[in-house]
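Asker: Following is a predicted model, sequence given first.
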Amino acid sequence: NAGVTQTPKFRVLKTGQSMTLLCAQDMNHEYMYWYRQDPGMGLRLIHYSVGEGTTAKGEVPDGYNVSRLKKQNFLLGLESAAPSQTSVYFCASSYSLRLATYEQYFGPGTRLTVT
Amino acid sequence: GIQVEQSPPDLILQEGANSTLRCNFSDSVNNLQWFHQNPWGQLINLFYIPSGTKQNGRLSATTVATERYSLLYISSSQTTDSGVYFCAVYNFNKFYFGSGTKLNVKP
């Protein structure tokens, strides 16, 4: 049981390049989330999904797109990276129908630097 | 959205001391979690505690949902307790995080 995994762990991009971050969970959770954390700051919600095929905007969605084609995967895309998107990105999942709990679990994070 | 305030923002303890961290929230919530972010950046689940009291070793937590606050108690602190402690509340499909309490336990 791997929990929540994220790929890649580290990435350096040049301004204007694009990339996709992959999040996978094996807990059969309904909900998935992408957050960013800047140095010395808390977590800010980028986008989230409450089920396969659904997505919704969070607090800081500009410059990002997401897709949830399969229940276990949640992809975060940066179409044209900017230095302001340098951050640590965390994926999380929650809501087990079977256990009737909303407990949230986090992945290990992806450290992204945009030069 | 729901406002979540954590106090104190910073805390320095000598190893072996006890501490209480507080989380206040502005509206009714369905659930509440405490996390520890260790110095390597990992977010570790401590408690899932929508109401009541739970204990896990030297840590315990109490949530009084009707009064909109939760407390995290750390007893006999150790250097490995250092890091940032976040409170997160859940409502309407989203989690709202506080700014965290940064704890430094000195040997």
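Answerer: Nice, thanks for sending it over.

Asker: so how many other residues sit close to residue 88?
Answerer: Since no chain was named, I'll use chain A. Residues lying near residue A:88 (other CB atoms under 10 Å in any protein chain shown) number 17. C-beta coordinates here come from the backbone N, C-alpha and C atoms, glycine included.

Asker: nope, chain B
Answerer: Other residues close to residue B:88 by other CB under 10 Å number 23.

Asker: Now it: which helix or strand?
Answerer: Secondary structure from DSSP states H and E places residue B:88 in strand B:83-91.

Asker: Now do the contacts for residue A:4.
Answerer: Contacts for residue A:4 (CB atoms under 8 Å, 6 or more residues apart in numbering or on different chains) come out as A:23, A:24, A:25, A:27, A:91, A:92, A:93, A:105, A:106, A:107.

Asker: measure it to chain B for me?
Answerer: 10 Å (CB to the nearest CB, to the nearest Å).

Asker: among the contacts of residue A:4, which are in helices?
Answerer: If you go by DSSP state H, the contacts of residue A:4 have nothing in helices.

Asker: between these, which is closest to residue A:10?
Answerer: residue A:107 (13.7 Å; CB to CB).

Asker: if I pick that closest one, what's in contact with it?
Answerer: Contacts of residue A:107 (CB under 8 Å, 6+ apart): A:3, A:4, A:5, A:6, A:23, A:90, A:91, A:92.

Asker: closest to chain B among these?
Answerer: Chain B has its nearest neighbour among the contacts of residue A:107 in residue A:90, at 6.7 Å by CB to the nearest CB.

Asker: unless I'm mixing things up, that closest one is touching residue A:106, no?
Answerer: Yes: using CB atoms under 8 Å, residue A:90 is in contact with residue A:106, at 5.5 Å.

Asker: any shared contact partners between these two?
Answerer: With CB under 8 Å, 6+ apart, residue A:90 and residue A:106 have common neighbours residue B:43.

Asker: now residue B:27, what's its secondary structure?
Answerer: coil (DSSP: H, G, I helix; E, B strand; the rest coil).

Asker: Tell me the spacing between it and residue B:47.
Answerer: 20 Å (CB to CB, to the nearest Å).

Asker: sorry, back to before: and the contacts of residue A:4, which are buried?
Answerer: A:23, A:24, A:25, A:27, A:91, A:92, A:93, A:105, A:106, A:107 (16 or more other CB atoms under 10 Å in any protein chain shown).

Asker: Nearest to chain B, out of these: which one, please.
Answerer: Checking the buried ones among the contacts of residue A:4 one by one against chain B (CB to the nearest CB), the nearest turns out to be residue A:106, at 4.1 Å.

Asker: and the closest one, bridged to which residues?
Answerer: Counting by DSSP bridges, residue A:106 is bridged to residue A:92.

Asker: so what's it up against?
Answerer: A:4, A:90, A:91, A:92, B:35, B:42, B:43, B:45.

Asker: Let me have those in a markdown table, extended by distance to residue A:67 and pLDDT.
Answerer: Shown next, in a markdown table, are these (distance: CB to CB, whole Å; pLDDT from 0 to 100):
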| residue | distance to residue A:67 | pLDDT |
| --- | --- | --- |
| A:4 | 17 | 97 |
| A:90 | 18 | 98 |
| A:91 | 13 | 98 |
| A:92 | 17 | 97 |
| B:35 | 27 | 97 |
| B:42 | 26 | 94 |
| B:43 | 24 | 96 |
| B:45 | 27 | 95 |
